[in-house]
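Novice: the sequence and its predicted three-dimensional model are supplied below.
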Amino acid sequence: MSFRGNRTMKRIRAREEVCIGCRLCEVYCILQHSQTRDILKAFTREKPRPLARIIVEEEGPLSFGTQCANCDEPACVHACISGAMQRAPDGTVQLDEQKCIGCWTCIAVCPHGAVQRSNGRRPAAVKCDMCVGADVPVCVANCPNEALAIVEDAA
Amino acid sequence: MKAFDYLIIGNSAAAVGAVEAIREAGADGSIGIVSNEPYHVYSRPRISERVTRHATLKSLAYRPLDFYRRHSAAPVLGVAAVEIAPKQKAVRLEDGRALGYRKLLLATGARPTHLSIPGIDLDGVHCFTTLHEADKLERDLADIRRAVIIGAGLIGLQAAETLTRMGVKVTVVEALDRILALAVDQCTSSLVRKLFEKHGVSILTSSRVREIHRSAAGRACGVTLTDGTRTDCEAVIVAAGVSPRTDLAESVGIQVNTGIVVDSFMRTSQPDVYAAGDVAETFDLLTGQKRLMPIWPNAYMQGRTAGLAMVGKPVPYPGSISINSTRFFEFPVISAGYIDASDGSTELVDLTKRTGCYRRIVLKQNVPVGIVAAGDAVDRAGIVVNLIRNKVDASAFLDKLARPDFSNAHLPPELRGTNRGGQMHEGH
């Protein structure tokens, strides 16, 4: 069930058959969400180092990236007790980190395991924001093997 | 008489779920929201911040302050609904006004369960479920050195932590033989108990309060337990569970069992009257039984289901599993589904080991039915909760399910998720 009308929805799709587990997506995600946007400073100086919003999962030869799927019926939005997790007008699920109180209900309900606990001083959830403002999320743009791709689907 | 297409009594999670569903579904009928509470919709689980940091209503708001305007919903706040007149299709308010409805949603929530203890009505005896009560407690705080909390459930322990943080010496009295008995398993219960004791909270289990004492000034000044011991205090917090506020429904003969009886579209026994949230029974996804499950996510989803049905775009409620997630003194605990493995037909996978990090998964015939996670083991618990919700047979990856780093990569290809092209079952 979905009420997105005729709007198309961009999603990131992982192709596990071509993912080589290089974790460049995580590196670029960290950079994108750093204060300095400088790769050396982001990795060496920023304390705490930002979390990657994409998680490269591995088991034996299998690997693929997992991040927020922007579900049609987002359990995290429905379950959020503070109202921090909301559906944005563009259809993506966005987290207001200032509003988040770190109760981790979203972690309990996200079927993908795509929400993480922040490593900062203030407890707050952390998740993929589709690189708000960017045409293509940095994980997709920088994947050397096209194991991450943007797919568009109609509702 | 002013009339609304959709009239909602209640102004919390279920009401918001209904309002958002009505507008998402494209219905443009008028919406009215009646509540005896005078506030913009706020996050009830956050009322403790009113005590600890004088949080503003704006910061506790569950939806932005322009929520009603943006959803073209008329808030009628600070006035209680006192009567339903189903024949006239109207609700009478305590100030004498009447509001008509085409569809009515009862989202009246629950109230703290009343205890029949001598002294329960004294000044200085508090509850901890509304903003008003939190403010009352905050006003009294300067005079509170010691507090007794009746009930070691989620609300009681949240009150205990709040008061402890404010320098109050807290004693928690719990009738059952362990704390959080309905929410977590034995091991997590002990972990959390030790944590509270480390912070100086006294916890008395298998204990009941026999009487609350009255000071010369007429306020609560101590309690005596059923074993005769006496504890002095300046405040008593009653947190012995909640009971659905079914009075309105019952007064017009709407069918009520443990809560208001609803079908899978949240319809009550009265035509055009729906019920959702803590006041309504829910359908337990794991047992198939109707029961109360007064937790925030269920309230929202029931409200959403009611809203869709009220505008004629019904989607049946798939049922609920009980999910609790919270932090006690920064220590996270998540539980979901059935965590009691004592019925014999249940297998257990126990994944302890790192200190302060604990995960237990309960299975029935290799299908996970419950999870308890504490400390770092809460991470990505939703992957397991999703297996529980979808009753997935875990035989093929049982050995991996037990790993603390259990992830999507351990699932068979068809279960790995939408963003990888697989058929995914989205939550609820």
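Specialist: Noted; the coordinates are in hand.

Novice: who's in contact with stretch B:374-383?
Specialist: Defining contact as CB atoms under 8 Å, 6 or more residues apart in numbering or on different chains, one finds that stretch B:374-383 is touched by A:75, A:104, A:106-113, A:115-117, B:184, B:188, B:191-192, B:325, B:331-334, B:336, B:351, B:354, B:356-359, B:371, B:373, B:404, B:406-408, B:411. All C-beta spots, glycine's among them, are computed from the backbone N, C-alpha and C.

Novice: quick check: which element contains B:I22?
Specialist: helix B:13-24 (DSSP states H and E).

Novice: ditto for B:V262
Specialist: Taking DSSP H and E as the definition, one finds B:V262 inside no helix or strand.

Novice: burial of it, as a residue count?
Specialist: 28 (other CB atoms under 10 Å in any protein chain shown).

Novice: my guess is it contacts B:G277. True?
Specialist: No. The pair B:V262 / B:G277 is not scored as a contact, 10.5 Å apart, by CB atoms under 8 Å.

Novice: show me which residues of the stretch 251-400 of chain B sit near chain A.
Specialist: Contact residues of the stretch 251-400 of chain B with respect to chain A, defined by CB under 8 Å from any CB of the partner chain, are listed as B:296-297, B:300-301, B:304, B:308, B:315, B:323-327, B:330, B:332, B:334, B:336, B:378-383, B:385-386, B:389, B:400.

Novice: where along the stretch 201-350 of chain B do the helices fall?
Specialist: Taking DSSP state H, counting those that start in this stretch to define them, one finds helices in the stretch 201-350 of chain B at B:247-251, B:296-310.

Novice: can you report how many residues lie near A:A69?
Specialist: Every residue meeting other CB under 10 Å relative to A:A69 is counted, giving 22.

Novice: that one belongs to a strand?
Specialist: No. Membership of A:A69 in a strand is not supported by DSSP: H, G, I helix; E, B strand; the rest coil, which gives coil.

Novice: confirm for me that it is in contact with A:K127.
Specialist: No. With contacts defined as CB under 8 Å, A:A69 does not count as touching A:K127, sitting 10.5 Å away.

Novice: mind listing what's buried in stretch B:23-41?
Specialist: Residues of stretch B:23-41 classed as buried: B:23-25, B:27, B:31-37, B:39-41 (neighbour count, 16 or more other CB atoms under 10 Å in any protein chain shown).

Novice: over to stretch B:243-253?
Specialist: Residues B:S243, B:P244, B:R245, B:T246, B:L248, B:A249 are the ones in stretch B:243-253 that count as buried (16+ other CB under 10 Å).

Novice: show me the contacts for the third one.
Specialist: Just to be clear, that refers to B:R245. B:T108, B:G109, B:A110, B:R111, B:D278, B:V279.

Novice: not counting sequence-adjacent ones, nearest residue to the fourth one?
Specialist: I take that to be B:R111. Beyond its immediate neighbours in the sequence, the residue positioned closest to B:R111 (CB to CB, 6 or more residues apart in numbering or on different chains) is B:R245, lying 5.5 Å away.

Novice: shared neighbours, A:A69 and A:K127?
Specialist: A:A114.

Novice: quick one: residues contacting A:N119.
Specialist: Under the criterion of CB under 8 Å, 6+ apart, the contact partners of A:N119 comprise A:P48, A:R49, A:L51.

Novice: between those residues, which is nearest B:V273?
Specialist: Relative to B:V273, the closest of these is A:L51; by CB to CB it sits at 46.9 Å.

Novice: shared neighbours of B:V262 and B:G277, anything?
Specialist: Residues within reach of B:V262 and of B:G277 at once, by CB under 8 Å, 6+ apart, are B:Q302.

Novice: dump the contacts of B:R245 into JSON lines; add pLDDT and neighbour count as well.
Specialist: Conversion of the contacts of B:R245 to JSON lines gives the following (pLDDT from 0 to 100; neighbours: other CB atoms under 10 Å in any protein chain shown):
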{"residue": "B:T108", "pLDDT": "98", "neighbour count": "31"}
{"residue": "B:G109", "pLDDT": "98", "neighbour count": "27"}
{"residue": "B:A110", "pLDDT": "97", "neighbour count": "19"}
{"residue": "B:R111", "pLDDT": "97", "neighbour count": "16"}
{"residue": "B:D278", "pLDDT": "98", "neighbour count": "28"}
{"residue": "B:V279", "pLDDT": "98", "neighbour count": "30"}
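
Novice: reformat the residues you listed as JSON lines; add distance to B:N11.
Specialist: As requested, these are arranged in JSON lines below (distance: CB to CB, whole Å):
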{"residue": "B:T108", "distance to B:N11": "10"}
{"residue": "B:G109", "distance to B:N11": "9"}
{"residue": "B:A110", "distance to B:N11": "14"}
{"residue": "B:R111", "distance to B:N11": "15"}
{"residue": "B:D278", "distance to B:N11": "13"}
{"residue": "B:V279", "distance to B:N11": "13"}
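
Novice: select from those residues every entry located in strands.
Specialist: Among the contacts of B:R245, the subset assigned to strands under DSSP state E consists of B:A110, B:R111.
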